[in-house]
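# Let me see the structure of the following:
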Amino acid sequence: MSWSTASNRKDLESRLRQLGGQSDDEIDIAGAALLLAALERPQVGLERYYHHLSLLARDTEDLAARRGADRDLDARIAILNHVMVERYGYQGDRQSYDDLHNANLMRVIDRRRGLPVALGILYMHAARAQGWAVCGLGFPGHFMLRLDLGSQRAIIDPFNGGEVRDAAALRSLVKTVAGKEAELRPEHTDRVGNRDILLRLQNNIKLRLIQQERSADALEVIETMLMFAPEKAALWKEAGVLHSHLDNMRAAIMAFEHYLELAGPDPDRQNIAALLQQLRIKLN
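I've put the predicted structure just below:
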């Protein structure tokens, strides 16, 4: 089946479940993000979006060849920003930050606007197509990228035109997003894997739906996340809570059972076990 006709939901779900069996390094992060986007827009073909990804990679390659970026990290950053910001006009959406479209990669490509994590995925795609070492970071509340070249290292902000952020800027930002008492910690600049980046992308949608009291829609997002991250105990717990809230008792029991199988010594384990027992009694 060509991507232009990949509108069958079962086909999209099958592809996402295949991701669940892949190692983290095998995941094509931009391609996976498009599959997630397509679940919301199954009537729209993916072909032109994959073509756009190929253009981002091609234009980055062409500019890198002309500017000679083999040994120059600053040149690589400038090339990525030229392609992403100047040529294609990508920028963070400040006017409608909480719009759900900002976390749907198809919509982001259409609008050239998005959340930090969605824009970061496009930056990563363009950089990785050149074999450049780039990764996402576990920075709280604002997705960041790290670009490495030998001993050189830079943290860039895809939401703000690919601006390079030094330690002082990161410290200021963490106080903005996490409170005045928060401090920059080593784990804030730790590498996060492809699967966790995709979870972060979908988590933005889930949280906004919960804030809008759209529990059924939020549950659908969680179940999509479980397709490509079936070993994440916390997702099974969230699914169980929402199923219970929606009176889907059998589904809640199954979700909580999966959680208990995977959770290990989680602080909520005892509470969830007690809730599971109550649901079983209620169902019987």
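# C-alpha coordinates for whichever helix in the chain runs longest, PDB please?
Longest among the helix segments of the chain by residue count, using DSSP state H, is helix 47-67. Coordinates of each C-alpha in helix 47-67 appear next as PDB, following Å, rounded to 0.1, in the frame of the first residue of the first chain:
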ATOM      1  CA  GLU A  47       2.600  10.900   0.600                       C
ATOM      2  CA  ARG A  48       3.100  14.700   0.400                       C
ATOM      3  CA  TYR A  49       4.200  14.800   4.000                       C
ATOM      4  CA  TYR A  50       6.800  12.200   3.400                       C
ATOM      5  CA  HIS A  51       7.900  14.200   0.400                       C
ATOM      6  CA  HIS A  52       8.300  17.200   2.600                       C
ATOM      7  CA  LEU A  53      10.500  15.200   4.900                       C
ATOM      8  CA  SER A  54      12.600  14.300   1.900                       C
ATOM      9  CA  LEU A  55      12.900  17.900   1.000                       C
ATOM     10  CA  LEU A  56      14.100  18.900   4.500                       C
ATOM     11  CA  ALA A  57      16.800  16.200   4.200                       C
ATOM     12  CA  ARG A  58      17.800  17.100   0.700                       C
ATOM     13  CA  ASP A  59      18.000  20.800   1.300                       C
ATOM     14  CA  THR A  60      20.100  20.300   4.400                       C
ATOM     15  CA  GLU A  61      22.400  18.000   2.500                       C
ATOM     16  CA  ASP A  62      22.800  20.500  -0.400                       C
ATOM     17  CA  LEU A  63      23.600  23.400   1.900                       C
ATOM     18  CA  ALA A  64      26.000  21.300   4.000                       C
ATOM     19  CA  ALA A  65      27.900  20.400   0.800                       C
ATOM     20  CA  ARG A  66      28.200  24.000  -0.200                       C
ATOM     21  CA  ARG A  67      29.200  25.300   3.200                       C
END
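# For that helix, name the packing helices and strands.
helix 29-40, helix 73-81, helix 105-111, helix 116-128 (3 or more CB pairs under 8 Å, 6 or more residues apart in numbering; DSSP states H and E). Glycine gets a C-beta too; all of them are placed from N, C-alpha and C.
# These into a markdown table, with extra columns for mean neighbour count and distance to Thr60?
Formatted as a markdown table, the helices and strands packed on helix 47-67 follow (neighbours: other CB atoms under 10 Å; distance: least, CB to CB, whole Å):
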| stretch | mean neighbour count | distance to Thr60 |
| --- | --- | --- |
| helix 29-40 | 22 | 13 |
| helix 73-81 | 20 | 6 |
| helix 105-111 | 20 | 16 |
| helix 116-128 | 25 | 4 |
